[in-house]
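In: Attaching a predicted model along with its sequence, questions to come.
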Amino acid sequence: MPEVVQEDQAQSLGRKASYWRQALRRRVLNWFGAHARDLPWRRTSDPYRVWVSEVMLQQTQVATVVSYYERFVARFPNVETLARANEREVLKLWEGLGYYRRARQLHRTAKQVVENHGGEFPSDFESVLSLPGIGRYTAGAILSIAFDQRHPILEANTIRLLSRLVASREDPASSAGTNSLWRLAEDLLPRKKVGDFNQALMELGSEICSPRSPKCAECPVSNLCEVNRLGLQTEIPAAKTKTNYENVNEVAVVVWRGNRVLLRQCREDERWAGLWDFLRFGVSDSGNRRRTFIAKTVADWTGGFDRHHR
DNA sequence: AATTCGGGGAT
DNA sequence: ATCCCAGAATT
């Protein structure tokens, strides 16, 4: 019976995947137990402090955050003291960290927590997610670390780690790539010690599974890792497509006739496709031939003003 | 989907 | 020099 055979294969694959996940959870957690760095925010499960650390750590390296975090929670030991502070002082303690919107939103959120949640940091996902400056990553991190709730996380370290574990060729920056990584992160979660597990993945990504030359020889999950098996560490994840900025010198010519102004509609194959613009010229080449060309083009367009204007 | 927000660490 | 960092919000 084909159906029975298919069922057996599916069950077999399911058992394999289940074994793989369990082995991975166990090894990741054991490794973390032995190698976790002693970071100040790991000495507490106070949701307020976990929250402060997570916001400070957004796009900011651990080494940079430590001293800022310690100074901040010393001055504002709980959500009430932060809510009562004035914004200038909060910003002053943030000075040098960058992304200053985070400080303002942290302050706003503290006030909201006092106002709407009786000063107790909310513990349900939707409430936390709705707070200013808290997205899917930060909400999952706070709830898993502070309350051991079963929420996945996905950020710089685990994007790299998970992409390599399954040798994903998808671009992690694309929405499809991001979606499959979130799904994987969710599949991997253990039932207990979720916060430890999430932190362990990040620690592993940061300390072992580094961008350029990952230390696979020291990695506790190297023999569960598809990239390691294939030797594709330098290929995966795909390099970020860097936005290239080119300096452009342009001159725009504004031609008036009465209360009307001359515009042209950009071709589909140029920048501002389909949009209306002044006559615009690159001036990287400022030689005479270029000037002649510009003068002639302006004359042509000006001559046809009545046909082309809008 | 692409940009913006930033200062500093790692290579 | 260049890449990258415990992302979120906006357009």
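Out: Nice, thanks for sending it over. Numbering: from 1, shown residues only, chains lettered A, B, ... in the order given.

In: contacts and neighbour counts: CA atoms only from here.
Out: OK.

In: what number of residues lie near A:Asn179?
Out: The number of residues packed near A:Asn179 is 13, by other CA atoms under 10 Å.

In: Quick check: it vs A:Ile153, distance?
Out: Going from A:Asn179 to A:Ile153 by CA to CA, to the nearest Å gives 12 Å.

In: And for A:Thr292?
Out: Applying CA to CA to A:Thr292 and A:Ile153 gives a distance of 60 Å.

In: repeat for A:Asp46
Out: In terms of CA to CA, A:Asp46 sits 19 Å off from A:Ile153.

In: So between these two, which is more surrounded?
Out: Using other CA under 10 Å as the criterion, A:Asp46 and A:Ile153 rank with A:Ile153 on top: 25 against 16.

In: Name the nearest residue to that one, sequence neighbours excluded.
Out: The spatial neighbour of A:Ile153 that comes closest, neighbours along the chain excluded (CA to CA, 6 or more residues apart in numbering), is A:Tyr137 at 5.1 Å.

In: A:Lys192 now?
Out: A:Asp148 (7.1 Å).

In: Do you know the pLDDT at the one you found?
Out: Note for A:Asp148: predicted pLDDT of 98.

In: and what of A:Ala185?
Out: Here the pLDDT value assigned to A:Ala185 is 98.

In: Please give me every residue in contact with it.
Out: A:152-154, A:162 (CA atoms under 8 Å, 6 or more residues apart in numbering).

In: Among the residues you listed, name the ones in helices.
Out: A:Leu162 (DSSP state H).

In: Going through the contacts of A:Ala185, which ones are buried?
Out: For the contacts of A:Ala185, a burial check counting by 16 or more other CA atoms under 10 Å picks out A:152-154, A:162.

In: wait, isn't the residue nearest to A:Ile153 in contact with A:Thr158?
Out: No - checked against CA atoms under 8 Å, the pair A:Tyr137 and A:Thr158 is beyond contact range at 11.0 Å.
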